[in-house]
Every structure is written in C-alpha cells, then in structure tokens.
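Colleague: prediction below, plus the sequence it came from.
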Amino acid sequence: MRAILLAVATLVVAAIVAVGTLFATGVLPIGGSAAVSPSAAVPAPSSPSASPTPSASVPAIPSPEFTPEPSAAPAFDKAAYSIDDPTSPWVIVNKLRPLADGAAYEPPDLVDLPSDMPNPNGYQMRADAAASLEEMFHTALAETGVQLVAQSGYRSYSVQVRAYDYYVNSLGVAGADLTSARPGYSEHQTGMAMDILDTVSGCSTDGRCFADTTAGQWLAANAWRFGWVLRYPDGATPITGYEFEPWHYRWVGVPLATEMHTTGVGTLEEFFGLPAAPDYAG
C-alpha cells in the first residue's frame, strides 16, 4: 500500500512539473487557451463602414509674388529732327549758326494768322506754329482773361535788314547786336518765332516790362504745354548772345518743349550741347 501511494505521488509531481514547463514556454497561455504564434495571427477585418484615414494634407507654400522692375523711360531722342535744316522744328539759329542760304530762304508753308488773333502788323507763320499759337492764345484768354497779341512773326531777309539797321542807328552796332539779329541770323526768318505782347499792359518789345505782366508770367509758366520755349531767358546772354527778351518765343513742338521744361534746361544751345554764341564769328 505504501508503495502504491509513493508511485501516485511521483506521478502527480511529474504532471505538475510538465504543466509548469508548458506555461513557462508559452505553449499554454495563463488564461488556459492554446497559444497562437504571433507570426500566425490574422488581423481582424476592418469594418465595412470604416473609411481609410486620409493622410495629413501639407499646406501649400505660396510662391513669392514677382514684381517686375519698372522699365526705364526711353531716353529723349535728340536726333529725331535736324538742328541744321531750316525747315526742321528744331533748327537752331544763333550768332554762330546762320540760316543756310539765308539771303534767299523762305519757309515753305507760311500761312496767315486767324482773324480773331490780334496781329497788328499782319505777320505770317509756318502752319504748325500758327495752329499752336492760336491754341495758346485761346487758352491764355480762358485762363487769365488777358488777350495776347502776335506782335512780330515771320520776317524775310529784307525785312530783317531794315529791322537791324534801325537798331544800329539807334544803339550802335554793339547795342543792336544785343537786341536784334543780323540779317540771315534771325529766328524770325524761320517762321517759327513770335514776339508776343498783350492788349492791356502797354508793354513793348523793349526792356523787362512784359516779364512782370499777367500775360508774361502765364507764358513763362505755360508756353511749353503748346510747344513753345522762351528763347532768350533772363541771365542767358553769355549763351544766347541776346539780352533777356520776355516776349520772344520759339515754337519747337510739344515733345522738345516738354523735355526742356522737365529737365529745367533753359536754352537750345545747352540742351543740344552746342557752343555758347555770345558773339558773331566775324
């Protein structure tokens, strides 16, 4: 009997040891169900209603705005018109630059001025200059209430002979050369110059009187808008050769007059880089 009990006890101990070994090696889980190798596990199917998780969106990085550099304004073309051809609106006539064939030159398109423009001496002008002058006179009247006067426009060579001789007889050669051009050297012969006065101030084409009038100041500030430049400005005698003439305006066209106004260049000689012309060459 004792031997039988000892044998049973031995078998129980052996069984306990075997079961412990199975738990220790993971064959039997602690909960008692059979262990499944992790590599053999089958994932549970996803729910049919479940949608895949969208990937996180990456915010777009805005591209920097491109602002093109402003293109530079084209340089003024100083060669657009001739400064030598007497028919050119940019021709430059001074004591060093006489008109080509001056004794015979006459502009090709002289016209009478409109009848509503005071023109006491009946002077003509070239067509484009006359049209611009008319516009300027009308605008001056509208803006100032003062009527301008076309005192002296185109002068032929022979008329300039008489004008220059008058000043020589009155002032001598040196005095005449400061206020009147010699024949063949006058801007008036181009048909693109006009001595302008008014009907109210009583000023003449002599001295500084006209510069202080409403009309004279309006012209000095606004003539460029219509293509005119004050040809012999105050203080420019060493360049132009003539005393200040607040009444003497020269038509050169709106582009050139505007460019001179914008840049502040006062004389045609300076603008085109020409030598000063205070005296005649001979």
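Modeller: Okay, I see it. Numbering: from 1, shown residues only.

Colleague: for the chain, which residue is closest to the average position?
Modeller: A73 (5.5 Å; CA atoms, centre = their mean).

Colleague: list the contacts of S201.
Modeller: Neighbour list for S201: 209-210, 213-216 [criterion: CB atoms under 8 Å, 6 or more residues apart in numbering]. In this view, the C-beta of every residue, glycine as well, is placed from N, C-alpha and C.

Colleague: would you mark the buried spots in the helix or strand T139 falls within?
Modeller: Assigning secondary structure by DSSP states H and E places T139 in helix 127-144. Neighbour-count burial for helix 127-144, counted by 16 or more other CB atoms under 10 Å, picks out 128-134, 136-137, 140, 144.

Colleague: what does stretch 102-115 give?
Modeller: Those would be 102, 105, 107, 110-111, 113, for stretch 102-115 by 16+ other CB under 10 Å.

Colleague: quick one: it to chain centroid distance?
Modeller: Its chain's average C-alpha position is 35 Å from that of stretch 102-115, according to CA atoms, centre = their mean, to the nearest Å.

Colleague: helices along the stretch 151-282 of the chain, start to end?
Modeller: In the stretch 151-282 of the chain, the segments counted as helices under DSSP state H, counting those that start in this stretch are 157-179, 214-222, 237-240, 254-263, 268-271.

Colleague: most tightly packed of those helices?
Modeller: Neighbour counts (mean count of other CB atoms under 10 Å) averaged over each of the helices of the stretch 151-282 of the chain peak at helix 268-271, with a mean of 20.

Colleague: which helices and strands does the helix holding T139 pack with?
Modeller: Applying 3 or more CB pairs under 8 Å, 6 or more residues apart in numbering; DSSP states H and E, we find helix 127-144 packed against strand 110-112, strand 148-152, helix 214-222, strand 228-230, strand 248-251.

Colleague: run the last query once more with 10 Å
Modeller: strand 110-112, strand 124-126, strand 148-152, strand 193-198, helix 214-222, strand 228-230, strand 248-251 (3 or more CB pairs under 10 Å, 6 or more residues apart in numbering; DSSP states H and E).

Colleague: the ones you listed into CSV, with extra columns for mean pLDDT?
Modeller: Shown next, in CSV, are the helices and strands packed on helix 127-144 (pLDDT from 0 to 100):
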stretch, mean pLDDT
strand 110-112, 98
strand 124-126, 98
strand 148-152, 98
strand 193-198, 98
helix 214-222, 98
strand 228-230, 98
strand 248-251, 98
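
Colleague: including distance to Y242, could these go into TSV?
Modeller: Formatted as TSV, the helices and strands packed on helix 127-144 follow (distance: least, CB to CB, whole Å):
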stretch	distance to Y242
strand 110-112	24
strand 124-126	20
strand 148-152	15
strand 193-198	12
helix 214-222	16
strand 228-230	12
strand 248-251	8
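
Colleague: P98 is nearest to which of these?
Modeller: strand 193-198 (14.9 Å; CB to CB).

Colleague: distance from the closest one to the middle of the chain?
Modeller: The chain centre lies 31 Å from the centre of strand 193-198; the measure is CA atoms, centre = their mean.

Colleague: give me the sheet partners of that strand and which way each runs.
Modeller: Neighbouring strands of strand 193-198 in its sheet, by DSSP bridges, are strand 148-152 (antiparallel), strand 248-251 (antiparallel).

Colleague: right, and those strands - which one's nearest Y166?
Modeller: Proximity to Y166 (CB to CB) singles out strand 148-152 among the strands paired with strand 193-198, at 12.7 Å.

Colleague: so the closest one versus helix 127-144, what angle?
Modeller: Per axes from the mean of the first three to the mean of the last three CA atoms, to 10 degrees, the angle that strand 148-152 makes with helix 127-144 is 150 degrees.

Colleague: with just CA atoms, put strand 148-152 into PDB.
Modeller: Only the C-alpha atoms of strand 148-152 are listed here, as PDB (Å, rounded to 0.1, in the frame of the first residue of the first chain):
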ATOM      1  CA  LEU A 148      -2.400 138.100 -76.200                       C
ATOM      2  CA  VAL A 149      -1.000 139.900 -79.300                       C
ATOM      3  CA  ALA A 150       1.000 138.500 -82.200                       C
ATOM      4  CA  GLN A 151       3.400 141.400 -82.400                       C
ATOM      5  CA  SER A 152       6.000 140.100 -84.800                       C
END
